[in-house]
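1. Fold the following.
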Amino acid sequence: MPGSPKVSSMKSLLLGLMVFIFEKIFIFANLKKFRPTKRKAGAASDMEACRLRRGDLLEVPRTLFIHYGIYLGDNKVAHLMPDILPAISEDKCLIGKVVTNKRLILGVLAKVATIRVDTVQDFAYGGRIIVNHMDKSFKTKPLCNEEVAERAEKLVGAKAYSLLWDNCEHFVTYCRYGRPVSSQTDKFCDIVKKIIRDQRSVLVSAALGMVLTLCVGVGPFTALPSFLITFTLWMAS
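-> Have a look, this model is predicted:
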């Protein structure tokens with residue numbers, strides 16, 4: 001029966017598994033980011049900050065993605081970070097501390113973030129800073145540096161967040177080029193398209209649907225979603 005304890009238990013198990021996998025992916029992706037900065041890396045960041053101009057677009061390659069920010073001058077960077085804390089606390093001293101893995105993951109899940117201002121060293125976290133690299137590939141000519149910085153400063157504060165549609169790359173491209181886009185999102189969508197178009201994904205979906213149906217039993221919760229997902233993949237492939 002759909003309302004039986006067995007079905008409820010399966011729902012909780014599947015939800016818990018999805019959250020667990022999602023959390024592990026983000027912990028792995030941000031492991032380097034939240035590692036304490038070494039002195040050498042901090043010194044390198046200090047030297048880098050001396051060469052930066054107000055309004056520069058900064059990139060720091062991570063394990064699985066690239067983090068972006070806008071340099072504001074005086075060793076300060078504005079960047080968009082998923083963070084749950086501003087939504088549940090008004091303690092500015094607490095919020096101003098480094099965003100931990102737990103705060104980051106919960107911020108992504110709750111779709112809340114903050115455009116915050118940190119030092120170049122805190123923004124880089126020992127990573128290598130790349131300056132205005134996107135200018136080479138972006139078709140739109142960059143706005144003047146002062147306008148870029150002013151746009152970033154006006155947007156500082158808490159805001160909604162979407163991992164694919166409103167992330168740190170959307171923030172910096174809007175500030176510097178006047179149009180929010182994300183090459184990382186585009187690449188992800190291309191991968192999803194390839195998976196959908198691969199007919200083997202239809203077989204995998206059908207097999208998982210059968211396994212779930214056998215484990216839980218035939219009911220609207222199992223049969224209908226399994227059929228719709230498999231049918232959608234088949235029609236899109």
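2. Isn't residue 78 up against residue 152?
-> Yes - the criterion here is CB atoms under 8 Å, and residue 78 meets it with residue 152 at 4.1 Å. C-beta: built from backbone N, CA, C; applies to glycine.
3. what residues are shared contacts of the two?
-> Counting by CB atoms under 8 Å, 6 or more residues apart in numbering, the residues touching both residue 78 and residue 152 are 70, 72, 115.
4. Can you lay out the residues you listed as CSV showing secondary structure, neighbour count and distance to residue 182?
-> Below are the shared contacts of residue 78 and residue 152 laid out as CSV (DSSP: H, G, I helix; E, B strand; the rest coil; neighbours: other CB atoms under 10 Å; distance: CB to CB, whole Å):
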residue, secondary structure, neighbour count, distance to residue 182
70, strand, 28, 15
72, strand, 20, 22
115, strand, 21, 15
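5. sec struct for residue 94, please.
-> helix (DSSP: H, G, I helix; E, B strand; the rest coil).
6. how many neighbours does it have?
-> 10 (other CB atoms under 10 Å).
7. ok, back up a step: more neighbours: residue 78 and residue 152, which one.
-> The neighbour count for residue 78 versus residue 152, taken as other CB under 10 Å, is higher for residue 152 (27 against 24).
8. Roughly how far does the residue nearest to residue 73 when sequence neighbours are not counted sit from residue 177?
-> Computed as CB to CB, 6 or more residues apart in numbering, the closest residue to residue 73 that is not its neighbour in sequence is residue 54, at 3.9 Å. Separation of residue 54 from residue 177 (CB to CB, to the nearest Å) stands at 17 Å.
9. Among these two, which residue is more densely surrounded?
-> residue 177 (19 against 16).
10. what residues does the one helix or strand residue 77 maps to touch?
-> Using DSSP states H and E, residue 77 sits in strand 76-82. With contact meaning CB under 8 Å, 6+ apart, strand 76-82 is reached by 58, 67-72, 99, 104-105, 107-108, 112-120, 123, 152-153, 155-156, 159, 161, 163, 167-168, 170-172.
11. Out of those residues, name the ones that lie in helices.
-> 104, 105, 107, 108, 120, 123, 152, 153, 168, 170, 171, 172 (DSSP state H).
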